[in-house]
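Trainee: Following is a predicted model, sequence given first.
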Amino acid sequence: MSEKKKNSMVWPIGIMVTYGIFMLFMFSYFAFSQSIGVDLVADNYYEQQIAYQNQIDRLERTNALPVRPQIFFDAGAQEVNVVFDHSLRPDADGGRIMMVRPSNAAMDFAMPLRLNADGVQKFKNLRLRTGLWKAKIQWEMDSVEYFMEETIILP
């Protein structure tokens with residue numbers, strides 16, 4: 001085979017090899033992207049969006065309060081504290097506390113809001129792992145609903 005014919009055969013083979021490598025990369029990328037799990041913020045996301053105006057109203061009422069409840073992690077006692085001021089006493093049915101782990105929806109849980117005589121609720125939970133949590137409190141006071149959310153980082 002002459003030198004000219006060898007050079008003319010290199011380009012088509014190079015193009016086919018480049019195209020083959022590109023296709024292999026694309027198939028690998030597609031397979032990898034299909035294997036990654038995606039957690040939605042909530043399972044019933046669309047229903048929650050429809051009712052979001054009520055949520056905005058709750059947040060505005062909470063922001064208008066003279067003193068907001070406090071949520072914090074007490075590292076010494078290894079517990080989460082929810083503290084309501086004496087002027088903010090939820091109705092008898094209380095409310096609820098939701099602990100949401102943005103990185104893993106399976107770790108989310110909720111519990112009733114049950115304040116002691118001092119307006120404090122403390123809880124330890126074995127499901128509370130280190131990392132970022134969102135504590136959400138919803139309560140009623142004088143038949144008006146309120147809501148607040150705080151970010152807590154557990155060491």
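Mentor: Great, that's in hand. Here the structure is a predicted model, which means the values were calculated and not measured. Numbering: from 1, shown residues only.

Trainee: From the chain's centroid, how far away is the longest helix along the chain?
Mentor: Longest helix in the chain, counting residues (DSSP state H): helix 3-35. Taking Cα atoms, centre = their mean, to the nearest Å, one finds helix 3-35 lying 42 Å from the centre of the chain it belongs to.

Trainee: can you list the weak-confidence ranges in the chain?
Mentor: For the chain, residues meeting the criterion pLDDT under 70 lie at 1-7, 40-41, 91-93, 125-127.

Trainee: Centre-most residue in it?
Mentor: Centroid check for the chain by Cα atoms, centre = their mean gives residue 102 as the closest residue, at 2.5 Å.

Trainee: and that one, backbone torsions?
Mentor: Dihedral pair for residue 102: phi -60, psi -30, per degrees, to the nearest 10.

Trainee: any idea how far it lies from residue 153?
Mentor: Distance of residue 102 to residue 153, computed by Cβ to Cβ, to the nearest Å: 12 Å. In this view, the C-beta of every residue, glycine as well, is placed from N, C-alpha and C.

Trainee: who touches both of the two?
Mentor: With contacts defined as Cβ atoms under 8 Å, 6 or more residues apart in numbering, the residues shared by residue 102 and residue 153 are residue 132.

Trainee: And for residue 56, the neighbour number?
Mentor: 10 (other Cβ atoms under 10 Å).
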